[in-house]
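In: how would this look folded up:
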Amino acid sequence: MRPILLQGHERSLTQIKYTKDGDILFSCAKDQVICAWFSANGERLGTYHGHQGALWTIDVDPSTTLLASGAADNTVRLWDVRTGKCVKVWEFNTAVKRVEFNEDGTKLLAVTEKRMGYLGTIVVLDVIVDVEAEQRDERSLVITCDESKATVAAWSYLSRYIIAGHEDGTVSQYDAKSGELLYNEPAHEDGMQVTDLQMSSDRTYFITASKDKTAK
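Out: So this is what the prediction gives:
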């Protein structure tokens, strides 16, 4: 199988995401732009413009209706996948380093940076899976990371838990309704940041990557 080279960004890539069906690939980069591509042939479908800072993270809902993004401009943006229109902006105190939809696309988590006197947080936003709907401003849950900031996070099966990787190399499990910390365990070498966390397709297990040069 011949690899396809996709060229569309002017600065380094920060994340890529496939749709559930795998037919479309989204990419984001420090150039403040999101690109959509046909995965079969590498043709660029379009771009999403609006962020005023480096883009760190993207995710697409299971129905490929809405695209979420987080950036260094301290915002999470929600986009109509088909038209490229921004349908909602949520503002935060610091940069947003990770976004992820839950299994049915009705909730979106966002991981915010620890900076300028603000502690890092994991925020849950309720989402209406309809591009015409008026999205809510309110946060349905805010988890404050007092000891070590979260760097990545993901939803478990049935959206029961939020699993987070931290700057100090630990992994935590939170109750997704109450925000209660249920479990915290060293997963990587002390002080070695968890750089990525990805769930299996059924969300019953996950893999982490770290600056200690291991994946577990």
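In: quick one: low-confidence ranges for this protein?
Out: Scanning the chain for pLDDT under 70 picks out 1.
In: Grab the most central residue of it for me.
Out: Computing the C-alpha centroid of the chain and ranking residues by Cα atoms, centre = their mean puts Val99 first, at 2.2 Å.
In: list the contacts for that one?
Out: By Cβ atoms under 8 Å, 6 or more residues apart in numbering, the residues touching Val99 are Thr57, Ile58, Asp59, Ala68, Ser69, Gly70, Val76, Leu108, Leu109, Ala110, Val111. The way it works is simple: take the backbone N, C-alpha and C, and place the C-beta from them, glycine included.
In: hmm, 10 Å instead?
Out: Residues in contact with Val99 (Cβ atoms under 10 Å, 6 or more residues apart in numbering) are 15, 17, 56-59, 67-71, 76-78, 108-111, 123, 125, 153.
In: Check Val111 too.
Out: Applying Cβ under 10 Å, 6+ apart, we find Val111 in contact with 56-57, 70, 95-100, 120-123, 143, 145, 149-154, 162, 164-165.
In: Strands - which of the contacts of Val99 land there?
Out: Assignment to strands by DSSP state E places the following of those there: 15, 17, 56-59, 67-71, 76-78, 108-111, 123, 125, 153.
In: now whatever helix or strand the residue nearest to the centre of the chain lives in and strand 55-60, what's the angle there?
Out: Assigned by DSSP states H and E, Val99 falls within strand 96-101. Here strand 96-101 runs at an angle of 0 degrees relative to strand 55-60 (axes from the mean of the first three to the mean of the last three Cα atoms, to 10 degrees).
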